[in-house]
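Colleague: Everything below, folded, please.
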Amino acid sequence: MKIRLKDIVKIQHLEMDIFEEEDGFPVDNRVIKNKERAIYNTLNKITMDWDKREEIRDCIYKNMWNQEDTTFKPICDELKKLGYEIVYE
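Modeller: Next up, the predicted model:
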């Protein structure tokens with residue numbers, strides 16, 4: 001299954017926005033829900049399989065805080081280990 005790098009970047013930025021929103025006070029759940037909807041809309045373009053979408057989102061979320069390497073390489077490496085092909089368009 002192919003995943004475009006720009007989709008990975010988009011999902012990562014949305015995940016960071018959600019993290020920042022949840023850290024603020026008061027938390028605006030409307031903003032969070034809209035960003036989560038945008039994440040799933042992007043994931044739906046990749047696959048309609050719920051388990052695969054959660055696997056991709058979880059992989060991006062867990063690997064975006066790598067302090068040693070500030071590139072997208074850790075995310076891409078983990079997705080490749082799971083059997084996905086990264087397309088650099």
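
Colleague: Can you give me the separation between the residue nearest the centre of the chain and F25?
Modeller: Geometric centre of the chain, nearest residue: I11, 3.5 Å, by Cα atoms, centre = their mean. Remark: distance between I11 and F25 (Cβ to Cβ, to the nearest Å) = 25 Å. (C-beta placed from N, C-alpha, C; glycine too.)

Colleague: my guess is I11 meets I39, correct?
Modeller: Yes. Shown here, I11 and I39 form a contact pair, counting by Cβ atoms under 8 Å, at 5.5 Å.

Colleague: what sits in contact with each of these two?
Modeller: Common contacts of I11 and I39, defined by Cβ atoms under 8 Å, 6 or more residues apart in numbering, comprise R57.

Colleague: could you give the mean pLDDT of the host helix or strand of R53?
Modeller: Assigned by DSSP states H and E, R53 belongs to helix 50-63. Averaging the model's pLDDT scores along helix 50-63 yields 95.

Colleague: Need the CA coordinates for the helix or strand following that helix. CSV is fine.
Modeller: Per DSSP H and E, the first helix or strand lying C-terminal to helix 50-63 is helix 73-81. Written as CSV, here are the backbone C-alpha positions of helix 73-81 (Å, rounded to 0.1, in the frame of the first residue of the first chain):
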residue,chain,number,x,y,z
LYS,A,73,12.7,9.6,8.4
PRO,A,74,11.7,7.8,11.6
ILE,A,75,8.1,7.9,10.7
CYS,A,76,8.8,6.7,7.2
ASP,A,77,11.1,3.9,8.4
GLU,A,78,8.5,2.6,10.8
LEU,A,79,5.8,2.7,8.1
LYS,A,80,8.1,0.8,5.8
LYS,A,81,8.6,-1.8,8.5
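
Colleague: tell me which strands and helices helix 73-81 is in contact with?
Modeller: helix 5-23, helix 50-63, strand 85-87 (3 or more Cβ pairs under 8 Å, 6 or more residues apart in numbering; DSSP states H and E).
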